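Visitor: This is a predicted model, with the sequence first.
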Amino acid sequence: QLQLAESGGGMVQPGGSLSLSCAASGFPFSNYAMNWYRQDSRKERELVASISSAGGSTNYADSVKGRFTISRDNAKNTVYLQMNSLKPEDTAVYYCNAFYQVRQSTFNYWGQGTQVTVSS
């Protein structure tokens, strides 16, 4: 059964840290690029961080560069997002996404999301 299960969300004070995990199953994880998106009620879903299938390439939104780190462990079928120096504007639901494109076929899977709240 295909599944992306996020964990690690919660509430933290400004300047604090959280680590999100996304455990994947039911598809060939190591073939897929992995992404973290976030969305709050007032904005469109935003791409936060991406990592290539082998983990050799990463990209970040300007708003999180230098504070967030994406990584993956293909042996554990898990992608991570380490979030440091958190700000109130980082408050959102964070979604794990798996993406794979081959020829004219696109495979795009989503987790259920995990809430991150940054507040004093």
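Guide: Yep, that arrived.
Visitor: residues contacting residue 72?
Guide: Each residue near residue 72 by C-beta atoms under 8 Å, 6 or more residues apart in numbering is listed here: 34, 51, 55, 78-80. Every residue, glycine included, has its C-beta placed from N, CA and C.
Visitor: Please apply the same query to residue 82.
Guide: Applying C-beta under 8 Å, 6+ apart, the residues contacting residue 82 are 17, 19, 68-71.
Visitor: how does it look with 7 Å?
Guide: 19, 68-69 (C-beta atoms under 7 Å, 6 or more residues apart in numbering).
Visitor: List the beta-bridge partners for it.
Guide: Note on residue 82: beta-bridge partners by DSSP bridges are residue 19, residue 69.
Visitor: Over to the one 10 residues further on?
Guide: For residue 92, the residues forming beta bridges with it (DSSP bridges) are residue 116.
Visitor: neighbours of it, just the number please.
Guide: Neighbour count for residue 92, taken as other C-beta atoms under 10 Å: 23.
Visitor: I figured it was touching residue 118, is that so?
Guide: No - with contacts counted by C-beta atoms under 7 Å, residue 92 stays clear of residue 118, the gap being 9.3 Å.
Visitor: quick one: contacts for the nearest residue to residue 93 once chain neighbours are set aside?
Guide: Closest residue in space to residue 93, ignoring its immediate chain neighbours: residue 113 at 4.2 Å, by C-beta to C-beta, 6 or more residues apart in numbering. Residues in contact with residue 113 (C-beta under 7 Å, 6+ apart) are 6, 93-95.
Visitor: State the pLDDT value of residue 113.
Guide: Looking at residue 113, its pLDDT reads 96.
Visitor: Kindly list the main-chain dihedrals of residue 29?
Guide: phi -50, psi -40 (degrees, to the nearest 10).
Visitor: I'd say it and residue 74 touch.
Guide: Yes - here residue 29 reaches residue 74: they are 6.3 Å apart, a contact under C-beta under 7 Å.
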